[in-house]
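My questions are about this predicted structure, shown below with the sequence.
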Amino acid sequence: MKNIIFFSALLIPIFFLTNCDIDQTREAEMPDVDVSIEEGQLPAWDVKWADVNVGTTTKTVNVPKVRVIMEEEEVVVPFIDVDMPQEYGEKEELILVSEAEVTGETHDLEIIEVIATGKRLNVISELKSTGQDLGDERMRVSDRIVLKAPDLDVKHYIIGERPVGDFNNQYTYMKSKSDVMNRIEDGTTIYKKNSKLSLK
């Protein structure tokens, strides 16, 4: 009995809907839209990398000694003095440091080039194994450059295999120098390893 009542309740609305007479009184019309699109423009920085002088300076830093032992000693590091337009602010001494923490074998890490693109410095380093066994130990290797310039954005690239560990996640590891250069457009080299570079 309940099923009959339920079925009847469903049929009543359908009966009224099918007996409804609807007449269309006007045609539908889409609104007129006039869209004018003008070509946009990305922001550009015009940084004139002039008056760049490269030399060396002496800094006291931690360097690896016999695997993982760190000792403090004075080393000669590259020094870059950059004169930029006044609107970029006052110059200050910055130390650009590239670091890696390695396992398995000892490694050397060297900053091989710094390329300026706009307001960014692209620091390119190379990580190479020296083949000496580390056993179960870890070793932190680093290289540095002293830069005297206004505060600039710094991007680090390391050529080589990324070592295992969270410490190395802050750097972008690439397989080759050409892979790095594919990411850097219209840059000016302000430092190159073993090169007496001076831009005027």
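Received the coordinates, thanks. Everything quoted here is computed from the prediction, not taken from an experiment. Numbering: from 1, shown residues only.

helices and strands of this structure: which one has the lowest mean pLDDT?
strand 198-199 (a mean of 42; mean pLDDT, DSSP states H and E).

Tell me where this structure is predicted with low confidence.
Residues of the chain meeting the criterion pLDDT under 70: 1-56, 61-72, 75, 85, 87, 195-200.

all strands of it, in order?
Taking DSSP state E, the strands of the chain run over residues 52-65, 69-82, 92-117, 120-149, 153-159, 172-174, 188-192, 198-199.

what's Tyr171 sitting at in phi/psi?
Tyr171 adopts backbone torsions of phi -110, psi 150, taken as degrees, to the nearest 10.

Same question for the one 5 residues further on.
The phi and psi values for Ser176, taken as degrees, to the nearest 10, are phi -150, psi 170.

so it makes contact with Glu161?
No: in this structure, Ser176 is not within contact of Glu161 by CB atoms under 8 Å, at 11.6 Å. Every C-beta, even on glycine, is put in place using the N, C-alpha and C of the backbone.

And those two? Which one has more around it.
Using other CB atoms under 10 Å as the criterion, Ser176 and Glu161 rank with Glu161 on top: 13 against 10.

these two touch, right, the more buried one and Leu127?
Yes: using CB under 8 Å, Glu161 makes contact with Leu127 at a distance of 7.4 Å.

just to revisit the earlier point, in a markdown table, list the strands of the chain along with mean neighbour count and distance to Asn182.
Formatted as a markdown table, the strands of the chain follow (neighbours: other CB atoms under 10 Å; distance: least, CB to CB, whole Å):
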| stretch | mean neighbour count | distance to Asn182 |
| --- | --- | --- |
| strand 52-65 | 14 | 24 |
| strand 69-82 | 14 | 24 |
| strand 92-117 | 18 | 13 |
| strand 120-149 | 17 | 12 |
| strand 153-159 | 17 | 11 |
| strand 172-174 | 17 | 9 |
| strand 188-192 | 19 | 16 |
| strand 198-199 | 12 | 24 |
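
Switch those strands over to CSV; also include distance to Val180.
Output for those, formatted as CSV (distance: least, CB to CB, whole Å):
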stretch, distance to Val180
strand 52-65, 20
strand 69-82, 19
strand 92-117, 9
strand 120-149, 6
strand 153-159, 5
strand 172-174, 5
strand 188-192, 12
strand 198-199, 21
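
between those, which gets nearest to Asp166?
strand 92-117 (9.1 Å; CB to CB).

who does that closest one pair up with?
strand 120-149 (antiparallel), strand 188-192 (antiparallel) (DSSP bridges).

want to throw these into CSV with distance to Tyr88?
What follows is the strands paired with strand 92-117, written out as CSV (distance: least, CB to CB, whole Å):
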stretch, distance to Tyr88
strand 120-149, 8
strand 188-192, 14
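
Val164 and Ala100 touch, don't they?
No: taking contacts as CB under 8 Å, Val164 lies outside contact range of Ala100: 11.0 Å.

what's across from the nearest residue in space to Gly165 that is not next to it in sequence in the sheet?
Nearest residue to Gly165, sequence neighbours excluded (CB to CB, 6 or more residues apart in numbering): Glu101, at 5.4 Å. Beta bridges link Glu101 to Arg140, judged by DSSP bridges.
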